[in-house]
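Let me see the structure of the following:
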Amino acid sequence: MEQENIPPPSDANQDSELDSRSALVDFFESAEVPEKTAQKNGKRDRQVRFADKTNFAEQFKQSLEEKLQASQVWIDQLQEENRRLKEKLELMKDQQEMKEKVERMTLENNELGAEVLEWKAKFYESETERERLTVRCSQLKDEYEKMEQKVAQQPPPSCVDAEFRSLINKLTRMHTYHSKHNDREYYRCDIQNEDNDRSITFELYIDQVQEEIEYVPVHMKGISQKLPSYLQDNISFDVQNAPIFFTKIMHSLFSK
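Numbers count the residues shown, from 1 in each chain. This next block holds a predicted model:
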C-alpha cells in the first residue's frame, strides 16, 4: 500500500489558520459583552421595579391613610347624628310624657269643675231652703208673739173660774204614754172632746239638759180652725212655756 505523501503546510496556510483562531477568539470575546450588558440591564430593571413597588407602597399607604381619615370623619359624623337622634328621641319622650300629664290634669280639672258645679247647685239649694226656713221661723215668731200678747191681755185664770176648772178636769183625763232615754223624755198624748167631736194626738220630746220641748203633731180632728198654725207643724219651745202650750191645746179642744 502506497503511502500518500502529505505535503507540509505552507506559510500561507499557517497565516490562514492564525486568522481563523483570531476570529474565533474575537467571537467569544464579542459574545461575552452582550451577556454583561444584559446583566447590567437586568439589575437596572430590578432597581426600576423595586422603585416602582416602593412608590406604589407609598401611594397605597397614602391612599389608605386618606381613606382612614375619611372613615374617621364619617364615623364622627355618624356619632354626632346618633347623639342628635338620641336627644331628639329624649325630647319626644319628654313631650309625650308632658302631653299625657296635661291630658291627666285636664281630666282632673274637668272632674273638679263638675264637682264644683254640683256643690254650687247644693249650695244654692241649701240657700233656698235656708231662706224658706228663715221665712217660716219669722212667721212662727210673729204668731208666737201675737199669742203671747193675747195671753198677756187675758186675765189669769183663778181657782174659782169654772171654765178653767173644766179645762183642768179635761186635762187630767189626758191619756199619755211615757218613756225615757238618757236625758230625753218621750210623751205620747191623746186628748179627746167627745162632746164636740174634737181630738188631738201629739208627741213631746223633753230635753232636761237643754230645757227644751219638741212638739210633733200626729193626728188632729175638728180643731184645725181653732188651733194656731204654729201648733199644726213641728215646733220646739222652752220648758218654761209649757203652760202656755197646754193652754192653747186645751182651749182649741174645749172652747165653744
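
Low-confidence regions, the stretch 51-200 of the chain specifically.
Low-confidence segments of the stretch 51-200 of the chain (pLDDT under 70): 51-52, 151-178, 181-182.

residue ranges of the strands in it, please?
Along the stretch 51-200 of the chain, the segments classed as strands by DSSP state E, counting those that start in this stretch run 175-181, 184-193, 198-207.

Of these, which is nearest K122?
K122 sits nearest to strand 198-207 of all the strands of the stretch 51-200 of the chain, at 29.1 Å, using CB to CB. Quick note: C-beta positions are derived from backbone N, CA and C, even for glycine.

partners of that closest one in the sheet?
Strand 198-207 pairs in its sheet with strand 184-193 (antiparallel), strand 212-221 (antiparallel), by DSSP bridges.

Pick the most buried one from those strands.
Highest mean neighbour count of the strands paired with strand 198-207: strand 184-193, a mean of 16 (counted as mean count of other CB atoms under 10 Å).

Make a markdown table from the strands paired with strand 198-207 and add distance to A114 to it.
Compiled in a markdown table, the strands paired with strand 198-207 are given as follows (distance: least, CB to CB, whole Å):
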| stretch | distance to A114 |
| --- | --- |
| strand 184-193 | 42 |
| strand 212-221 | 39 |
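
Compare these and report which one is nearest to R130.
Judged by CB to CB, the one of the strands paired with strand 198-207 that comes nearest to R130 is strand 212-221, at 20.4 Å.

could you dump that closest one to CSV, C-alpha only?
What follows is strand 212-221, C-alpha atoms only, in CSV (Å, rounded to 0.1, in the frame of the first residue of the first chain):
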residue,chain,number,x,y,z
GLU,A,212,-136.4,72.3,125.6
ILE,A,213,-139.6,70.6,124.4
GLU,A,214,-140.1,69.4,120.9
TYR,A,215,-143.7,69.2,119.8
VAL,A,216,-144.7,66.8,116.9
PRO,A,217,-148.4,66.7,116.0
VAL,A,218,-149.6,63.2,114.9
HIS,A,219,-153.4,63.4,114.4
MET,A,220,-155.9,66.2,114.6
LYS,A,221,-159.7,66.2,114.3
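
Can you name the next helix or strand after that strand?
Toward the C-terminal end, the helix or strand that comes next after strand 212-221 (DSSP states H and E) is strand 235-238.

Show me what counts as buried in that next one.
By neighbour count with 16 or more other CB atoms under 10 Å, strand 235-238 contains the buried residues I235, F237.

quick one: buried residues of whichever helix or strand comes after it?
The element immediately downstream of strand 235-238 (helix or strand, assigned by DSSP H and E) is helix 242-254. For helix 242-254, a neighbour-count test (16+ other CB under 10 Å) marks F245, T247, K248, I249, M250, S252, L253, F254 as buried.
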